[in-house]
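In: Next input, structure requested:
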Amino acid sequence: MSPRKPDEPVRLTKIYTRGGDRGETSLGDGSRVSKLDPLVRAYGAVDELNSVLGWAQAEARDPRLARVQNELFDLGADLSVPYAAGDDKLRITQAAIDRLEADCDDANAPLPQLRSFVLPGGTEAAARLHVARAACRRAEREVLARAAETTVNPLASVYLNRLSDLLFILARAANAGGAEPLWKPGGNR
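Out: Just a heads-up that it's a prediction; the model follows:
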């Protein structure tokens, strides 16, 4: 087998390994932990978010989301290796958060001011983006739960917080020009 190229992060010839059959998995540093470990739950929630985001992207076709999907793989890699500041591992950076903030500002600029809470729904793309937003919030909670027990990259939860903002804004944008479903307090009485 030829050596891996620098831009080839993995080479998989066999998908199943039987290594996790006893309820354990390997972290990015090779150490073995329970699949119930909070760290595994955290990067598993990020993986689930990425899958839901892919489903939203199939309808939204937004280049920002394609970039975010790659960044979520970076975040999963970040979370799968125990954190140490300045360790030269692949980590979410402030630059990634800055890009999300710029995306939020750009996507929000043409939208009307909110006058109520937005109900998840509207167009197909908006509904899928709202599901992705909810999955993002869950991933953020999992990362915060892990951070309460041990050190994780402090930018991981910030990235997810900002991403959930972007997904909310993009869902609103996907409903632009139509009737945005708004909460009417007590409206069904």
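In: pLDDT below threshold where in this protein?
Out: 1-4, 6, 8, 10-12 (pLDDT under 70).
In: show me where it has strands.
Out: Defined through DSSP state E, the strands belonging to the chain, from first to last, are 24-26, 32-34.
In: So which residues of this structure form helices?
Out: All helices of the chain, identified by DSSP state H, fall at 38-60, 63-79, 94-108, 124-149, 154-174.
In: Can I get those helices in a markdown table including distance to G28?
Out: Placement of C-beta: from N, CA and C, glycine included. Compiled in a markdown table, the helices of the chain are given as follows (distance: least, C-beta to C-beta, whole Å):
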| stretch | distance to G28 |
| --- | --- |
| helix 38-60 | 9 |
| helix 63-79 | 6 |
| helix 94-108 | 18 |
| helix 124-149 | 14 |
| helix 154-174 | 14 |
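In: So which of these is nearest F117?
Out: Ranking the helices of the chain by distance to F117, with C-beta to C-beta as the measure, places helix 154-174 first at 10.6 Å.
In: by contact count, what packs against that closest one?
Out: The helices and strands touching helix 154-174, judged by 3 or more C-beta pairs under 8 Å, 6 or more residues apart in numbering; DSSP states H and E, are helix 38-60, helix 63-79, helix 94-108, helix 124-149.
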